[in-house]
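*Asks:* This is a predicted model, with the sequence first.
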Amino acid sequence: MKKLSLLLAIIIGSVLIAGITFFLTQPKSHGPQAIEGVMDLRHHSFHDNTPIKLDGEWEFIPNHLVDGEAFDSYQSYLVNVPSAWTKYTIDGQQIPVFESGTYRLKVLIDDTEDILGIKTSNIRMSNALYINGKRVGHSGEPAEDNSYTPHNTPYTAYFSPDKKELELIVHVANFDYAPGGGIISSIFLGDQSSIAKLREGAIFYDLITLAGFLTMFIYFFGSYLYSKFGIEQLYFSIFCFASGVYTLTHGEKLLLDFINISYAPFQKMQMISSIAVGLFILLYFYRALIKHMNRLVVKVFCAIGTLLMLVALLPTSINSLFQNINSLYVFANIVYIFYVQIIAIYKRATGVMYLTLSSLAILLYFIVATLNTNINLELSALPPLLPFICLTMLSLYISHRFADSYLEKGKLTEALIRVDKLKDEFLAKTSHEFQTPLHGIIGISQSMLKDNSLPISADEQKEKVSLIFNIAERLSYLVNDLLDFSKLKENELTLRMASVDLYAITHMTVEVLSYTISKNVKIYNHIERGTFVQADENRLRQILYNLIHNAVKYTNEGKIDITCYEKQSFLVVEVKDTGCGIAPENLKTIFNPFQQFNYSIGGSGLGLHITKELVERQGGKIFVDSIVGQGTTFSFKLRKGLPTNEELPSMPIQTYQHPFLTFPHIVEKIGKKKILIVDDDAVNLKVLIDILTQGNYSIIAIDNGHHVFEYLTQQPSIDLLILDIMMPSISGYEICQQVRQNYTSTELPILMLTAAVRPEDMIAAFQSGANDFLHKPLDATELKTRVRNLLLLKESAETAVKMETAFLQAQIKPHFIYNVLNSILSLSYLDLDKSRAMITDFATFLRNSFAFENANSLVPLEKELSLIEAYVNIHRTRYPEQLEFNICMDEPIQCLIPPLLLQPLVENALLHGLKVRKELSELQLVIRQEEHMVIFQLIDNGIGISSELLRQIQNGEKTASQGIGILNISKRLKKFDKATIHFDSHENKGTTVEIRFPIITL
């Protein structure tokens, strides 16, 4: 109601504004008026820029066109101007519609040398204007019969008065226009500037209005052609075009300034454009407010409008009879539009206020134009606001519609993208769900067929065949889900209700699932024997399979309890797990099709939806209760069944766990290459273990991706990592990226496996750091070949690294050897014992430096320390007064470290940090143990390292002064988990190098 009141207030206010404008634009009561054919303008100044309307009593001679000299010889009559002559009554008779006549007005003025001007507006249907006997303007060619040339165009004429009395003679003829002829609108008289200003103002008004309508026409018509957004755009563009044509053919009739066209087609354009304005604005609002408009009413209006436009094509003498009907038609259209808009506002339609304001502007514009045509209101007196208000409001509404449509389109696009993504994910997940069991069947079958090296025992053969059977059973459940989803949609599912043994079905379902569990999860069947429910046996098995399988998927470790209890005439079955739980906001949509909240876990997203449908179609209900981090309970109720008479023995609670693999699963073969396999699916792991065991490799198989780094630290001798891409919690891509932060592609090759076949998956695998990529199901021969190639790659890289390390060990500068030999020679003359000790240290240093066979990945700490002591002793002997070196270690630490981890740092300190000092150089190596780490601190009081050089060292940038020793140490430390190296130095204050290394026992 508030909006309705607001609308009424707007309408009333607008009408008041129009009324005030109307009265303000009427001639003032004190303005000059013609009396008995004479207008006295003496003592009137034409310099105030206000043209005078030559309104009042004119002399009129009907049926004759006479000049000024002959005018007095005819009987003349006084008539009011402006007015159609059909309103004149002469000698008791009305002037005929089709007639000719002569108007005369005498204007008395003062002497003036100014140029005066005169402007006509609407004189039907042809006229000629004479001033003091001189023809100054015309429109058409008037005549006393229908041989005249009709036209009705405003014009302006300028003249220099040569008398104090101006005689205006106007010849007028009309033999076509049914509403009648005569001087319909005022004739203006003024000085040249005021008349020119009046003419320019009228033209400006029309041009502004025309520009607005044509701009909107071009924009919306072009938009319609480009986007085909809606037919209402076309209707609105036609309305704008018709309004533009209406503006061109009315008022100053600007169209005739551009093209020369006869009156008949011009008049038809006037009528058709006015009808089209009403018709197409109605059609536009019909499309815009289609829910609120009466289709039949619109059809009637369209039929009438079409008929009127056809009538407009008839001759002027006929179509002009419908002039008032045309005006009434447009007015009725606008009134109906108003009525519909009030209803739309009441029903809270979007954007209807814009439409209402635009309709109001159209109505006022129509009223003013009608008054201008019929009662001589000058439209030019009203600023050109109404058309622009109309266009602005309609444009705002259309923009509002565009914005809403754009937002709606965006929402639909997002929804479509989501649906398309769900479809793609559904197909990908479903194919993965199919390929995983197929891969298991193929792999196990291949291992049985191709493993001829070792005989297969009967028990092992039975186990593998049983595994194949259970995998196929799992595949059958998935196929049934897909078939049932289609049947449920088409309502074609058939149920065979009977009393079925709940315990037996639960036991069978858990047996099947237990072969596919790859986690530390136990399933407890608490259902007692002899428990029966009323259900379809196969569908009940499907329900239990989906619920238990869902619980297994979302439980990494813990237990799953299956219980039941009676509730009135129903049995309530509960499947309770200790998994991750479901967020409260997801519980409402948990049973929707394709719904998944952890896409890394896999599945088709149909299981719970189908489960709900199956339970409800068997007369039951299903519920879910969950606490995040504690677990989830699914419960469903079905009607109790009738038990059999057979006595069944009581049985203890059945516990189920996968019977063929525990994790970590280790196959140890001494001296063989070691492979770490990571996959969350036990069947896949079983297949990989069987295939790779035939290849004579040591195997470590784990089912949790988060444990990869733990095993890489515990087992530094792992030669190859095989990763499945799709795993819960953490994907193979993430694991690969994290591994690559510590291991290069040659230090630890990675082979990635997936059931996906899209190129994007392969690209993502290589970008995350994988060396190779294999699709499931795996071919045993191809897998062995890829594994062998990757191991050869690692072996080649290790050989190159060992050679690099050996090169570093042998990298002794020649001048160092010469200096040491010279020192030994000198000491042999001075101190034989020191000479012998120096020879011993030098021999120890050379032996360790040239020991290429010791280029192992790890060496005992004692060996590294002996190399350091030999090197330092040589320097002590050469510079006995300049060096003080100590190794501080509270107690012996037995561990392995990379070779040449500490000696290059000691050498670097002696050569660069201490040698340039003149006073005593101090160097201390502190070794201590903290928990599982051994910490080495090398502290000197040398010249320190500049901030720029320190930055380069910390960032791993090669510098001119440090060579490749420090870079090599940093690079090798990255191979070991938690191993770090840190430099702390200040210029002229010394340097501290700290290495933290995990303790690796001998």
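*Replies:* Noted; the coordinates are in hand.
*Asks:* all contacts plus neighbour counts: C-alpha atoms, from now on.
*Replies:* Fine.
*Asks:* now the residue nearest to residue 354 when sequence neighbours are not counted: how far from residue 399?
*Replies:* Nearest non-adjacent residue to residue 354, counting by CA to CA, 6 or more residues apart in numbering: residue 393, 4.9 Å away. Noted for residue 393: a distance of 10 Å to residue 399, by CA to CA, to the nearest Å.
*Asks:* These two: which is more packed in?
*Replies:* Remark: of residue 393 and residue 399, residue 393 carries more neighbours, 22 against 13, as counted by other CA atoms under 10 Å.
*Asks:* who's in contact with that one?
*Replies:* By CA atoms under 8 Å, 6 or more residues apart in numbering, residue 393 lies in contact with 354-355, 357-358.
*Asks:* Take the residues you listed and keep only those in helices.
*Replies:* 354-355, 357-358 (DSSP state H).
*Asks:* just those residues now: which is nearest residue 628?
*Replies:* Comparing these against residue 628 with CA to CA picks out residue 354 as the nearest, at 50.6 Å.
*Asks:* Would you check that that closest one makes contact with residue 399?
*Replies:* No. At 10.6 Å, residue 354 does not count as touching residue 399 under the criterion of CA atoms under 8 Å.
*Asks:* residue boundaries of the helices in the stretch 1-150 of the chain?
*Replies:* 2-24, 68-71 (DSSP state H, counting those that start in this stretch).
*Asks:* Averaging pLDDT over each of those, report the lowest-scoring one.
*Replies:* For the helices of the stretch 1-150 of the chain, the stretch scoring lowest in mean pLDDT is helix 2-24; its value is a mean of 52.
*Asks:* Serialize the contacts of residue 393 to JSON lines and add fields for neighbour count and distance to residue 992.
*Replies:* Shown next, in JSON lines, are these (neighbours: other CA atoms under 10 Å; distance: CA to CA, whole Å):
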{"residue": "354", "neighbour count": "21", "distance to residue 992": "78"}
{"residue": "355", "neighbour count": "23", "distance to residue 992": "81"}
{"residue": "357", "neighbour count": "22", "distance to residue 992": "82"}
{"residue": "358", "neighbour count": "23", "distance to residue 992": "83"}
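*Asks:* which one of the residues you listed sits closest to residue 344?
*Replies:* Using CA to CA, those come closest to residue 344 at residue 355, 10.1 Å.
*Asks:* Pull out the buried positions in stretch 274-290.
*Replies:* Buried positions in stretch 274-290, judged by neighbour count with 16 or more other CA atoms under 10 Å: 274-289.
*Asks:* just those now: which is nearest residue 743?
*Replies:* Here the nearest of the buried residues of stretch 274-290 to residue 743, counting by CA to CA, is residue 288; it sits at 65.9 Å.
*Asks:* Just give the nearest non-adjacent residue to that closest one, would you?
*Replies:* Nearest non-adjacent residue to residue 288 (CA to CA, 6+ apart): residue 232, at 6.9 Å.
*Asks:* What residues of the helix or strand containing the one you found count as buried?
*Replies:* In this assignment (DSSP states H and E), residue 232 forms part of helix 231-249. For helix 231-249, a neighbour-count test (16+ other CA under 10 Å) marks 232-249 as buried.
*Asks:* what's next to it, contact-wise?
*Replies:* 206, 209-211, 213-214, 216-221, 223-224, 253-255, 266, 269-270, 273-274, 276-277, 280-281, 283-285, 287-288.
*Asks:* hang on, the earlier thing: so the residue nearest to residue 354, which of the three states?
*Replies:* Using DSSP: H, G, I helix; E, B strand; the rest coil, the secondary structure recorded for residue 393 is helix.
*Asks:* Local confidence estimate at it?
*Replies:* Looking at residue 393, its pLDDT reads 78.
*Asks:* And it, how far from residue 890?
*Replies:* The gap separating residue 393 from residue 890 is 90 Å, by CA to CA.
*Asks:* likewise residue 539?
*Replies:* Using CA to CA, we find residue 539 at a distance of 72 Å from residue 890.
*Asks:* Neighbour count for these two, which is higher?
*Replies:* A count of neighbours by other CA under 10 Å puts residue 539 above the other of residue 539 and residue 890, at 20 against 10.
*Asks:* and the more buried one, that's in a strand?
*Replies:* No. Counting by three-state DSSP, residue 539 is not part of a strand but helix.
*Asks:* what's residue 420 in contact with, if anything?
*Replies:* By CA under 8 Å, 6+ apart, no residues touch residue 420.
*Asks:* Now it: which helix or strand?
*Replies:* Counting by DSSP H and E, residue 420 is part of helix 386-450.
*Asks:* Just give me how far that helix sits from the chain centre.
*Replies:* Relative to the centre of its chain, helix 386-450 is centred 11 Å away, using CA atoms, centre = their mean, to the nearest Å.
*Asks:* correct me, but residue 60 touches residue 78?
*Replies:* Yes. If you go by CA under 8 Å, residue 60 and residue 78 touch, sitting 6.1 Å apart.
*Asks:* These two: which has the busier surroundings?
*Replies:* Comparing residue 60 with residue 78 by other CA under 10 Å, the one with more neighbours is residue 60, at 25 against 18.
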